[in-house]
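Visitor: sequence first, predicted model second:
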Amino acid sequence: MPDGRPEPDMMKTKKNIVIVGDRVLIDLDDKMDRTSSGLYLPATVKEKEKVHGGYVVKVGPGYPVHDPNTSDEPWVTKKRQDLKYIPLQASEGDYAIFLREAAVDIEFEGKKYVIVPHSSILALIRTELVNE
């Protein structure tokens, strides 16, 4: 193009999903659709379960905190760089056990996920390497 920008057919785009606040993006565990003996459960039974599990894919920045050292009033809009957050316990790769009723189903680029508030996560299972 004459203005120095690349041709549209040469440009590639990639979508990123940004999780906000205290939310966690979870990829549901496919193994939860069968019993311990290997029997497959129908979708209606799975939906009635109150507790589900899955792998944490992305985590929001955390709970926003007002810095008491600033002289600004709390309702004044601040720059993003000035915001401070209390980080969440969940990390990418953790296995989360969460309350299903608080989850929101989404589909992103053809894959189904759930977004869960951090407060609805009951437990995290984290795999760590240990030296023996």
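Guide: Arrived safely. Note that the structure is a prediction, hence the values are computed from the model and not measured. Numbering: from 1, shown residues only.
Visitor: please count neighbours and contacts with C-alpha atoms only from this point.
Guide: Will do.
Visitor: which residues in this protein form helices?
Guide: 43-48 (DSSP state H).
Visitor: could I get the buried residue list for the strand ranked longest in it?
Guide: Longest strand in the chain by number of residues (criterion: DSSP state E): strand 51-59. Across strand 51-59, burial judged by 16 or more other Cα atoms under 10 Å covers 52-59.
Visitor: thought L124 was touching G93?
Guide: No. In this structure L124 lies outside contact range of G93 using Cα atoms under 8 Å: 10.0 Å.
Visitor: out of these two, which sits in the more crowded spot?
Guide: L124 (19 against 16; other Cα atoms under 10 Å).
Visitor: got a list of what that one touches?
Guide: For L124, the contact set (Cα atoms under 8 Å, 6 or more residues apart in numbering) comprises 90, 94-97.
Visitor: narrow the residues you listed to just the buried residues.
Guide: 90, 94-97.
Visitor: the spatially closest residue to I115 that is not a sequence neighbour bridge partners, please.
Guide: Spatially, and ignoring its direct neighbours in sequence, I115 is nearest to L25 (4.6 Å; Cα to Cα, 6 or more residues apart in numbering). Taking DSSP bridges as the rule, L25 bridges to K58, I115.
Visitor: what's the answer for Y85, then?
Guide: P64.
Visitor: how close does it sit to I17?
Guide: Between Y85 and I17 the computed distance is 19 Å (Cα to Cα, to the nearest Å).
Visitor: equivalent analysis for I125, please.
Guide: The spacing between I125 and I17, counted by Cα to Cα, is 24 Å.
Visitor: of these two, who's got more company?
Guide: Counted by other Cα under 10 Å, I125 and I17 do not tie: I125 has more neighbours, with 12 against 9.
Visitor: what separation is there between the more buried one and V20?
Guide: Taken as Cα to Cα, the span from I125 to V20 is 22 Å.
Visitor: nothing else from me, thank you.
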